[in-house]
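Asks: Structural data only, the sequence is not supplied:
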């Protein structure tokens, strides 16, 4: 009986000892690495913005507006009658295409087909999520989108490369209000 009690006490004493935490195998990135990455991103974004500005200057036939969300746009067809714009939750139908900055078609309207998009409720190209809310029914707008507002550092995994700025011409066909 005494031996069982002694074994029980030993298990309790040694079983409750604190374990030493293990050190991580990969140390946290240093502040230097993070600041270098940030610096490289700023340089890349500045380079993209300059390239887009040069394209806009060359396109004298269109007048571009800069959005507060970091993309540029120009009206191809502006509606003077319709004053209704989509809002969060509306289901819109759009026709769109995507090209590179040299106007080479990446995805044609035929390839993409008509798209139904629930405003601010679905994942879509970041700039177009905001751009669609600027549109009125029947309008066509061309958006020039820097990579950080399009597909970013990963591309789309198919035809759009990493850090690739794009153009997208969008026509707003229909708005089904959330009500």
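Replies: Structure's in. What do you need? What you are looking at is a predicted structure, and each value in this text was computed from that prediction instead of being measured.
Asks: Please, which helix or strand holds residue 169?
Replies: Element membership for residue 169, per DSSP states H and E: strand 166-176.
Asks: got the contact list for that strand?
Replies: The contact list for strand 166-176, computed with CB atoms under 8 Å, 6 or more residues apart in numbering, reads 76-77, 84, 86, 90-101, 103, 106, 114, 125, 127-128, 131-132, 135-145, 147, 150-151, 160. Where C-beta positions appear, they are placed from N, C-alpha and C, glycine not excepted.
Asks: for this structure, which helix is longest?
Replies: Secondary structure of the chain per DSSP state H: the longest helix is helix 31-58.
Asks: now stretch 110-122: mean pLDDT?
Replies: The average of the pLDDT scores along stretch 110-122 is 95.
Asks: mind listing what's buried in it?
Replies: 117, 119 (16 or more other CB atoms under 10 Å).
Asks: got it, and stretch 79-98?
Replies: Of all the residues in stretch 79-98, those buried under the rule 16+ other CB under 10 Å are 85-86, 90-92, 94-98.
Asks: so can I have a markdown table of these showing pLDDT, secondary structure and distance to residue 58?
Replies: As requested, the buried residues of stretch 79-98 are exported to a markdown table (pLDDT from 0 to 100; DSSP: H, G, I helix; E, B strand; the rest coil; distance: CB to CB, whole Å):
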| residue | pLDDT | secondary structure | distance to residue 58 |
| --- | --- | --- | --- |
| 85 | 91 | coil | 30 |
| 86 | 94 | coil | 31 |
| 90 | 95 | coil | 35 |
| 91 | 96 | strand | 37 |
| 92 | 96 | strand | 31 |
| 94 | 97 | strand | 27 |
| 95 | 97 | strand | 26 |
| 96 | 97 | strand | 23 |
| 97 | 98 | strand | 20 |
| 98 | 97 | strand | 20 |
